[in-house]
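In: give me a 3D structure for the following:
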Amino acid sequence: MKVGDLIKYRDRKPTDPHPDDVGDFGAWGCIGIVIEIMKDITWIKYIDVNGDHVTCKREDVEVISESR
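Out: Numbers count the residues shown, from 1 in each chain. Presented below is the predicted three-dimensional model:
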């Protein structure tokens, strides 16, 4: 995974908060572009389709398309 890759955040798990409880903060299934890999490489930051910057665990996303 590298900056510029198109990623998809994982789907909601039964142990995650209910969507009614988190509202717009639920990013399950969201697609975005990686904009930063944190120093410890456990965390990434991506920008989603709404232009929001989201920080999440690297293991919670899958690469849909790699940047060149």
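
In: hey, where'd the strands end up in this protein?
Out: Along the chain, counting by DSSP state E, strands occupy 6-9, 31-37, 43-48, 53-57, 61-65.

In: partners of the last one, with directions?
Out: Paired neighbours of strand 61-65 in the sheet (DSSP bridges): strand 6-9 (antiparallel).

In: and Asp20, which of the strands of the chain is closest to it?
Out: Between Asp20 and these, the tightest spacing by Cβ to Cβ is seen for strand 6-9, at 18.7 Å. All C-beta spots, glycine's among them, are computed from the backbone N, C-alpha and C.

In: picking up where we left off before, can you lay out the strands of the chain as CSV showing mean neighbour count?
Out: CSV is the format used below for the strands of the chain (neighbours: other Cβ atoms under 10 Å):
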stretch, mean neighbour count
strand 6-9, 18
strand 31-37, 17
strand 43-48, 18
strand 53-57, 13
strand 61-65, 13
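
In: rebuild those as TSV, extending it with distance to His18 and mean pLDDT.
Out: Below are the strands of the chain laid out as TSV (distance: least, Cβ to Cβ, whole Å; pLDDT from 0 to 100):
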stretch	distance to His18	mean pLDDT
strand 6-9	17	95
strand 31-37	22	96
strand 43-48	21	94
strand 53-57	19	90
strand 61-65	22	96
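
In: so which residue is dead centre in the chain?
Out: Tyr9 (4.2 Å; Cα atoms, centre = their mean).

In: for Val34, what are its contacts?
Out: Going by Cβ atoms under 8 Å, 6 or more residues apart in numbering, Val34 touches 1-5, 7, 44-46.

In: now Ser65. Nearest residue, chain neighbours left out?
Out: Leu6 (4.2 Å; Cβ to Cβ, 6 or more residues apart in numbering).

In: that neighbour reaches Val63, doesn't it?
Out: Yes. Leu6 lies in contact with Val63 (Cβ atoms under 8 Å); the separation is 7.2 Å.
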